[in-house]
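A.B. asks: Sequence plus predicted model, see below.
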Amino acid sequence: MNIAVLREHLTDNRRGFLGWALSITAVAAMYSSLWPVMGGGSGLATAVNSFPKSMRDAFHMEDYGTAAGYFGSTVFGLLVPVLLAVFATAAGTRAIAGDEEARTLDLVMAHPVRRVTLALSRWLAVLAGLVLLLAELALRVPARFAALSTANLAAMTFQLTLFGCCFASIAFGIGAYTGRRTYAITGSAYVTIVAYLCDSFLPQVNGLHWIQYWSPFHWYLGGEPLKNGIQWIHCALLAGLGLSFTAIGIWGFNRRDLAQGN
């Protein structure tokens with residue numbers, strides 16, 4: 001790892017990281033502010049809990065009558081993971097493929113830095129940006145609710161971080177291997193959409209319940225870490241998938257002719 005490369009990438013993308021941090025935190029804050037109205041023993045919570053089980057399972061609409069159920073369904077179970085997947089895809093794509101197509105990667109490669117070191121440093125910079133973003137989310141939004149267990153909130157944030165790192169690594173790996181921004185975005189979007197469908201709607205079809213166990217969305221949320229704590233097997237699956245794409249991407253980046261990616 002090269003600290004200078006890592007720091008340079010974080011500095012160059014600080015506005016994007018800050019913008020996404022503010023956006024995701026604002027969405028989470030909006031849902032948090034609605035807890036007194038929608039949660040607890042409110043009529044709306046009762047109505048949501050009366051929805052058909054298949055509908056509640058598809059949209060992760062768990063028990064709105066408890067703080068853990070409400071926050072696990074809204075803040076951590078709906079828009080935030082989708083927004084995080086989009087951000088992670090954009091950040092992972094930009095790390096290698098985006099700069100390579102823009103021909104700015106050549107400036108970095110002109111310095112005495114090995115390809116593997118460069119790629120690894122860029123990847124770690126993306127993950128560092130994700131960790132900072134999610135630390136902001138955990139500190140600013142639901143942490144002030146005494147009804148939420150601090151340990152389980154930490155577990156939820158940890159698994160959300162691994163979830164984001166997984167999708168960032170998928171985009172990074174495809175982009176590093178191909179050198180094409182379009183391939184990285186398209187491939188990552190395809191994986192994200194299929195993974196979401198496998199965790200939400202497809203399991204509602206008779207005989208397809210098993211398919212959710214192959215989805216990173218299920219690995220992130222299926223064990224309900226906000227209620228049950230860290231799910232270590234799911235964490236290992238998220239980390240393993242992300243590391244696999246990263247390793248393949250760095251291997252391809254180290255072997256191919258960079259001129260072919262421009």
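C.D. replies: Perfect, thanks for sending it.
A.B. asks: and Leu83, how many neighbours does it have?
C.D. replies: 16 (other CB atoms under 10 Å). No exception for glycine: its C-beta is placed from N, CA and C like everyone else's.
A.B. asks: give me the number of residues near Leu243?
C.D. replies: The local packing of Leu243 (other CB under 10 Å) involves 14 other residues.
A.B. asks: Please name the residues that touch it.
C.D. replies: Applying CB atoms under 8 Å, 6 or more residues apart in numbering, one finds that Leu243 lies in contact with Ser169.
A.B. asks: tell me which element it falls in.
C.D. replies: helix 232-255 (DSSP states H and E).
A.B. asks: Sketch out the low-pLDDT regions of the stretch 151-262 of the chain for me.
C.D. replies: Counting by pLDDT under 70, the stretch 151-262 of the chain contains low-confidence ranges at 259-262.
A.B. asks: the helices in it, which residues?
C.D. replies: 181-199, 216-221, 225-228, 232-255 (DSSP state H, counting those that start in this stretch).
A.B. asks: The stretch 1-150 of the chain now?
C.D. replies: Using DSSP H, counting those that start in this stretch, the helices of the stretch 1-150 of the chain run over 3-12, 14-33, 35-38, 43-49, 53-58, 67-73, 79-93, 99-101, 105-109, 115-140, 150-178.
A.B. asks: Would you mind giving the ones you listed as a markdown table with distance to Val194 added?
C.D. replies: Shown next, in a markdown table, are these (distance: least, CB to CB, whole Å):
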| stretch | distance to Val194 |
| --- | --- |
| helix 3-12 | 29 |
| helix 14-33 | 23 |
| helix 35-38 | 31 |
| helix 43-49 | 27 |
| helix 53-58 | 15 |
| helix 67-73 | 22 |
| helix 79-93 | 12 |
| helix 99-101 | 25 |
| helix 105-109 | 30 |
| helix 115-140 | 22 |
| helix 150-178 | 12 |
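A.B. asks: so which of those gets nearest Cys198?
C.D. replies: Ranking these by proximity to Cys198 (CB to CB) places helix 53-58 first, at 11.5 Å.
A.B. asks: pLDDT averaged over that closest one, what's the number?
C.D. replies: The average pLDDT within helix 53-58 is 71.
A.B. asks: buried residues in that helix?
C.D. replies: The neighbour-count criterion (16 or more other CB atoms under 10 Å) identifies Arg56, Asp57, Ala58 as the buried residues of helix 53-58.
A.B. asks: Kindly report the same for stretch 78-94.
C.D. replies: For stretch 78-94, a neighbour-count test (16+ other CB under 10 Å) marks 78, 80-81, 83-94 as buried.
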